[in-house]
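J.: have a look; sequence and predicted model below, questions after that.
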Amino acid sequence: MNRENKRKKYDPHYYRHNPCNDSFTCKNCGRLCVPAGAGSDHRNHCPNCLTSLHLDIEPGDREADCGGQMEPVAVWVRKGGEWAIIHRCRICGWLSSNRVAADDNPMKLMSIAMKPLTTPPFPLERIEEMTALMGGDGVIRNS
C-alpha cells in the first residue's frame, strides 16, 4: 500500500483537505456521477437528483456508520449569496448542508426552493381571511 492510500485509509480528515477524484453511481437514480463539472474538488451529491449518501459526521471524516441516502429537503443562501442544499438522511434523520455544484439540475433546485410556497401550513383559501385579520378586523369567520 503506498503512502497516499495509507493516508486515505487512516487519516480521518483526509477528504477534508484533499480532492476526491472518485466517480460513483447514484443510489437513487442510477446516474454515473463524475467529479468533473462540479466546480470544486468535492463531488458529494448527484447532479441529477441531488441525492447524497450519509458517509460523514464531520465533513470529510467518513465516520458515519449509517450509509443511508440523504435526500434534498431544502435550499438556503449562505453569506455572500452562495446556495447550499440541506440533506436529510432517510434512515437516521441526520441533517447536513452541501454547497450547490456548478452542474446541479437547476429545475430540481428551484422545485426544492419553491416547495414551502406551494405547500403552506394553512389552507390557501384562508389567505383573504388572514389578510383581513392582519388589517385590524380581528374577527375570524368560520366557513
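T.: Done, it's in. Numbering: from 1, shown residues only.

J.: packing partners of the longest strand seen in the chain?
T.: The single longest strand within the chain, with elements called by DSSP state E, is strand 69-77. If you count contacts as 3 or more C-beta pairs under 8 Å, 6 or more residues apart in numbering; DSSP states H and E, strand 69-77 packs onto strand 52-53, strand 83-89, helix 106-118. (C-beta placed from N, C-alpha, C; glycine too.)

J.: what lines up beside it in the sheet?
T.: strand 52-53 (antiparallel), strand 83-89 (antiparallel) (DSSP bridges).

J.: buried residues in that strand, which are they?
T.: Across strand 69-77, burial judged by 16 or more other C-beta atoms under 10 Å covers 69-72, 75.

J.: list the contacts of I85.
T.: I85 is in contact with 45, 50, 72, 74-75, 97-100, 109, 112, counting by C-beta atoms under 8 Å, 6 or more residues apart in numbering.

J.: A113 too?
T.: If you count contacts by C-beta under 8 Å, 6+ apart, A113 has them with V75.

J.: from I86, how far off is it?
T.: Per C-beta to C-beta, to the nearest Å, A113 is found 11 Å from I86.

J.: anything in contact with each of those two?
T.: Common contact partners of A113 and I86 (C-beta under 8 Å, 6+ apart): V75.

J.: where along this structure do the strands fall?
T.: For the chain, applying DSSP E gives strands covering 24-25, 32-33, 52-53, 69-77, 83-89, 95-99.

J.: excluding its backbone neighbours, what's nearest R88?
T.: Closest residue in space to R88, ignoring its immediate chain neighbours: V73 at 4.8 Å, by C-beta to C-beta, 6 or more residues apart in numbering.

J.: picking that back up, list the contacts of the longest strand of the chain.
T.: The contact list for strand 69-77 (C-beta under 8 Å, 6+ apart) reads 27-28, 45, 49-54, 83-91, 94, 96-97, 100, 108-109, 112-113, 115-116.

J.: rewinding a little: will you turn the helices and strands packed on strand 69-77 into a markdown table that also has distance to A36 and mean pLDDT?
T.: As requested, the helices and strands packed on strand 69-77 are exported to a markdown table (distance: least, C-beta to C-beta, whole Å; pLDDT from 0 to 100):
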| stretch | distance to A36 | mean pLDDT |
| --- | --- | --- |
| strand 52-53 | 18 | 86 |
| strand 83-89 | 20 | 94 |
| helix 106-118 | 18 | 92 |
